[in-house]
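Student: this is the structure alone, sequence omitted:
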């Protein structure tokens with residue numbers, strides 16, 4: 001039988017100290033981030049922040065989950081399967097808010113949307129696409145295609161469905177196709193085809209891309225975690241494009257075995273040369289910057305083209321500047 005009266009205050013203190021010593025100094029908060037596609041260099045900053053310990057230093061235990069063609073990331077975000085996701089653009093948030101899903105853009109890695117048109121070398125500017133067959137995917141038909149029609153005199157009957165196969169473009173000199181600056185020029189070069197790549201953002205296309213999107217409730221209940229994630233991620237992007245990225249690339253290839261070093265090197269070179277991450281407002285305000293004026297340009301385009309109903313979408317609620325306005329992770 002234990003004699004409780006035999007325990008002294010010093011014994012209790014000693015047991016408490018021993019218990020505290022056995023616990024981690026500071027438990028990292030779990031945080032799930034979902035990308036919008038299979039692992040690639042366009043996600044590199046997040047992998048860099050993970051492999052270099054930036055998230056851990058910020059007090060987060062981050063898990064990166066890959067998206068893909070059959071993955072509805074916004075649906076999973078709304079269902080609580082991720083804390084934040086990598087959005088394709090601020091258009092995506094405005095459209096989902098019209099459906100009643102309270103998603104919010106809190107940062108944008110790409111100051112320029114890499115979306116554009118892959119054309120044969122006789123086409124040097126968007127106006128010269130008149131009369132060409134243009135292969136456009138479903139998402140593009142309700143975003144940049146109306147913008148191209150309104151601004152560059154293209155016609156609805158020029159569009160044909162895009163099946164994410166470049167062979168019809170390669171085979172027909174009168175065909176152009178939607179493309180991504182960081183991928184499609186590399187793919188066509190590997191196929192031995194010379195192209196012109198026409199970047200929409202250089203012609204005034206306003207949306208951001210590679211955004212960080214969270215639900216309103218996450219921002220309300222976990223603001224410190226979201227802030228820590230955004231800051232560490234932007235530091236990761238600075239590091240990924242400016243220093244040794246080998247560990248991040250190795251993790252990307254582990255997640256996506258189809259990815260190659262050549263493809264990733266090409267994507268990094270385009271991100272640098274085109275100023276996708278370090279250009280625009282990021283050059284003076286820091287990586288990840290979003291601004292009210294720029295977001296309003298996207299909103300005004302969508303409402304003017306009747307692609308969203310302004311009575312159902314409050315622009316002010318679609319973004320939150322608090323996580324980037326004073327961040328100043330400079331390129």
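Tutor: Great, that's in hand. These figures come from a predicted structure and were not determined experimentally.

Student: ends of stretch 110-127, what's the gap?
Tutor: 25 Å (CA to CA, to the nearest Å).

Student: residues touching residue 292, list them.
Tutor: Shown in contact with residue 292 (CB atoms under 8 Å, 6 or more residues apart in numbering): 319, 321. Any C-beta I mention is one placed from the backbone N, CA and C, and that applies to glycine too.

Student: ok, it to residue 316 distance?
Tutor: 9 Å (CB to CB, to the nearest Å).

Student: over to residue 105?
Tutor: The value you get for residue 105 to residue 316, if CB to CB is used, is 12 Å.

Student: neighbour count winner among the two?
Tutor: Under the criterion of other CB atoms under 10 Å, the comparison of residue 105 against residue 316 puts residue 105 first, with 23 against 10.

Student: next up, the contacts around that one.
Tutor: Counted by CB under 8 Å, 6+ apart, residue 105 has contacts 87, 90, 93, 208, 211-213, 290, 295, 318-320.

Student: mind giving me a markdown table with these and columns for pLDDT, neighbour count and distance to residue 231?
Tutor: Shown next, in a markdown table, are these (pLDDT from 0 to 100; neighbours: other CB atoms under 10 Å; distance: CB to CB, whole Å):
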| residue | pLDDT | neighbour count | distance to residue 231 |
| --- | --- | --- | --- |
| 87 | 95 | 26 | 18 |
| 90 | 95 | 27 | 20 |
| 93 | 97 | 27 | 21 |
| 208 | 97 | 30 | 18 |
| 211 | 98 | 26 | 16 |
| 212 | 98 | 25 | 11 |
| 213 | 98 | 29 | 17 |
| 290 | 97 | 25 | 15 |
| 295 | 98 | 23 | 21 |
| 318 | 98 | 21 | 22 |
| 319 | 98 | 25 | 17 |
| 320 | 98 | 19 | 14 |
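
Student: so which of these sit within helices?
Tutor: 90, 93, 295 (DSSP state H).

Student: the helix or strand containing residue 32: partners in the sheet, and parallel or antiparallel?
Tutor: Per DSSP states H and E: residue 32 is located in strand 29-34. Applying DSSP bridges to the sheet, strand 29-34 is found paired with strand 60-65 (parallel), strand 84-89 (parallel).

Student: and the helix or strand harbouring residue 241, what does it pack against?
Tutor: Taking DSSP H and E as the definition, residue 241 sits inside helix 223-242. Packed against helix 223-242 by the contact rule (3 or more CB pairs under 8 Å, 6 or more residues apart in numbering; DSSP states H and E) you find strand 29-34, helix 44-51, helix 54-57, strand 60-65, strand 103-110, strand 209-215, helix 261-273.
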